[in-house]
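**Student:** Have a look; sequence and predicted model below, questions after that.
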Amino acid sequence: MDDLRHNLDVLGFSMVPDLLDPDEIDSLIAALSAVDASDAVRKRGGVYAIRNLLAIVPAVARLATSDKLVSLVQSALGKDAFAVRGTLFDKTPDANWLVPWHQDLTICLKQRIDAAGFGPWTIKACVHHVQPPIAILEAMLAVRIHLDDCNERNGALRILPSTHHSSRFTAEQVDFAQRSNSPVTCSVRRGGAVLMKPLVLHASSAAVEPAHRRVIHIDYALPTLPSGLEWFAE
Ligand SMILES: O=C(O)CCC(=O)C(=O)O
């Protein structure tokens, strides 16, 4: 746990091999395969992302509150941390996507209440999304559970270590950070996890050998929000 906390504090991420066993991964894959096509499912040829996982896949809600995940998260964020969003990201031959270097700056809330430091607001899939004050993002953690072996050949996440110490990056700062840091490719075997601070710069390339690259991405946060705002907790 000390290594985990150290990696998260210093580097902004940490890899945890063999967090789930093969049976647990098989059950999660079966539960995800049973999801009906709905607004939560984004398709381009095949399903490549499912939003609202905590609400629509009970097996993922159970995973998010399991001792294995909660003990990891609490060691980093403290006892009050809880899951606020669950998303599946997949890459397939039909949906071989990429995302450029970015920070995760947006949270999902139950309602829009104009409060100092919150904005801009948007609505996606009927849910209020907003950029909160930086202190809220600093107190968050993503746990990314890998359902397939993942490496540079099938579009693994890449991270620029220690970039989470800065606040929001401008486009010029992202460009500079990218040229002056060496990225780490998060190669993780099926059942392993990457824990990541949302402010660390990360990117994801298209797969060179497209195959399933399923990742359950669960965001955790602390409950306290100002001005009556409430987490959507999808
Ligand atoms: O799963 C990936 O490769 C990218 C996910 C991502 O960009 C994000 O979580 O912000």
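**Tutor:** Ah, there it is.
**Student:** Nearest residue to Leu225 in space, please, no chain neighbours.
**Tutor:** Leaving aside its sequence neighbours, Leu225 sits nearest to Trp231 (C-beta to C-beta, 6 or more residues apart in numbering; 6.9 Å). Where C-beta positions appear, they are placed from N, C-alpha and C, glycine not excepted.
**Student:** Low-confidence ranges, the chain, go.
**Tutor:** For the chain, residues meeting the criterion pLDDT under 70 lie at 1, 37-40, 42-47, 234.
**Student:** List the beta-bridge partners for whichever residue of it sits closest to the ligand.
**Tutor:** Ranking the residues of the chain by distance to the ligand (C-beta to the nearest ligand atom) places Ser204 first, at 3.0 Å. In this structure, Ser204 has the following beta-bridge partners (DSSP bridges): Val99, Leu157.
**Student:** can you list the residues of the chain near the ligand?
**Tutor:** Within the chain, the positions adjacent to the ligand are Phe89, Val99, Asp104, Leu157, His202, Ser204, Val215, His217 by C-beta under 6 Å from any ligand atom.
**Student:** Could you find which two of those are furthest from each other?
**Tutor:** When the residues of the chain next to the ligand are compared pair by pair using C-beta to C-beta, the two farthest from each other are Asp104 and Val215, 13.7 Å apart.
**Student:** Who has more neighbours out of these two?
**Tutor:** More neighbours surround Val215 than the other of Asp104 and Val215, with 23 against 17 (other C-beta atoms under 10 Å).
**Student:** For the more buried one, give me its contacts.
**Tutor:** Contacts of Val215 were listed using C-beta atoms under 8 Å, 6 or more residues apart in numbering, and they are Leu88, Phe89, Asp90, Arg144, Ile145, His146, Leu147, Cys150, Leu157.
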